[in-house]
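In: Sharing a model prediction with you, sequence too.
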Number of protein chains: 2
Amino acid sequence: MLSQKGRYALHALIVLAEHDGEEPMMIADIAEEAGVPRKFLEQILLELRKRGILRSQRGRSGGYQLAKAPKDISFADIIRVTDGPLALAPCVSVTAYHRCEDCEDEKTCAIRKALLLARDATADVLESQTLASAIVTRRRSSRKN
Amino acid sequence: MLSQKGRYALHALIVLAEHDGEEPMMIADIAEEAGVPRKFLEQILLELRKRGILRSQRGRSGGYQLAKAPKDISFADIIRVTDGPLALAPCVSVTAYHRCEDCEDEKTCAIRKALLLARDATADVLESQTLASAIVTRRRSSRKN
DNA sequence: TAAATCTCTATTGACTCGATAGGAATTATG
DNA sequence: CATAATTCCTATCGAGTCAATAGAGATTTA
């Protein structure tokens, strides 16, 4: 399961994607629009900025913007920041690989083999789902209203 | 990531699958063979039994056995017991579904849409990986030694 | 110079995780 | 029937994580 932090991050970034191309957006406004506690969001945005997903402007009339185009920010990118690797074990993680201490032979480990398939399947999906595709979904639905 | 408990469970069940058809196996022996702390394993096996994956025999010469054929116990079954739902959010979980409090419309939620695809992809893989396929992998590799 | 805003670190309480302990219940066996 | 062997169950522990809040510091604009 995703953490609350992860869900908040997704909501906030979708809001920012909808305002892409505009002036930087203040934390307070993002919090309001995304329905996220303001001080908590502050920390989340900070981390997303450090990981290159957001860009910020300090001081008066400052705020946050996406650092890349919505189509270049995937759900996988976001989740990796807030919740860590997509993989179910370190030995099948691309972004945080490390060998199991007790593993005799990675090449023949039955558990690893299964978890590797799972990781690839999950990553394929989450890397193809981007902020751009998310806002398309949203706009499509609001058109119906 | 899987919990330690989850990894232990997978190891233990693979051991039990290798001894499938034999007499019940004692916790102490499973612990030894799977490399899991004995008392911790005790709790894990208990839970797997309550969830219908294992069968136990109490008292002298008692022990644990698989409750079903290895081909009918999937990695998904096991992980759901030790680590909960495969889904990344409750609103896309089959086994532990519940609606997001703040969600206005599930049908049009962009986050839900993406996470649903992820869940399906993960579940497809983990449901097809079984204890039977795991021990085949193992036997194949030991033949080479 | 002052106001507005992001930045950073600390703190809190509740919960989870991994592990251990120990007694209760059950069963086989001599 | 007594005893030993085994699973069953619940409690406990320390360390860590999670969600949230707080508040002082740094930066920028007007």
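Out: Now that the structure is in, tell me what you want to look at.
In: From here on, just use CA atoms for contacts and neighbour counts.
Out: Will do.
In: Who are the contact partners of A:Glu42?
Out: By Cα atoms under 8 Å, 6 or more residues apart in numbering or on different chains, the contact set of A:Glu42 is A:Ile27.
In: repeat for A:Leu45
Out: The contact partners of A:Leu45, taken as Cα under 8 Å, 6+ apart, are A:9, A:54.
In: Let's verify it: helix, strand, or coil?
Out: Secondary structure for A:Leu45, judged by DSSP: H, G, I helix; E, B strand; the rest coil, is helix.
In: Enumerate the residues of chain A near chain B.
Out: Counting by Cα under 8 Å from any Cα of the partner chain, the residues of chain A close to chain B are A:1-2, A:10-11, A:85-90, A:108-111, A:114-115, A:117-119, A:121-122, A:125-126, A:129, A:134-135, A:137-138, A:141.
In: quick one: which of these sit in helices?
Out: If you go by DSSP state H, the residues of chain A next to chain B have A:10-11, A:110-111, A:114-115, A:117-119, A:121-122, A:125-126, A:134-135, A:137-138, A:141 in helices.
In: A:Val125 against B:Leu117, yeah?
Out: Yes - here A:Val125 reaches B:Leu117: they are 6.7 Å apart, a contact under Cα atoms under 8 Å.
In: tell me the angle the lowest-mean-pLDDT helix or strand in chain A makes with helix B:110-128.
Out: None of the helices or strands of chain A scores lower by mean pLDDT, DSSP states H and E than helix A:131-144, at a mean of 80. Comparing the axes of helix A:131-144 and helix B:110-128 via axes from the mean of the first three to the mean of the last three Cα atoms, to 10 degrees yields an angle of 120 degrees.
In: Extract the C-alpha trace of helix A:131-144 and format it as CSV.
Out: Extracted in CSV, the C-alpha atoms of helix A:131-144 (Å, rounded to 0.1, in the frame of the first residue of the first chain):
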residue,chain,number,x,y,z
LEU,A,131,0.8,13.4,-14.9
ALA,A,132,-0.1,14.2,-18.5
SER,A,133,-2.3,11.1,-18.8
ALA,A,134,-3.8,11.8,-15.3
ILE,A,135,-5.0,15.3,-16.2
VAL,A,136,-6.4,14.0,-19.5
THR,A,137,-8.5,11.6,-17.4
ARG,A,138,-9.6,14.4,-15.2
ARG,A,139,-10.5,16.8,-18.0
ARG,A,140,-12.4,14.2,-19.8
SER,A,141,-14.6,13.6,-16.8
SER,A,142,-15.2,17.2,-16.0
ARG,A,143,-16.4,17.8,-19.6
LYS,A,144,-19.2,15.4,-18.9
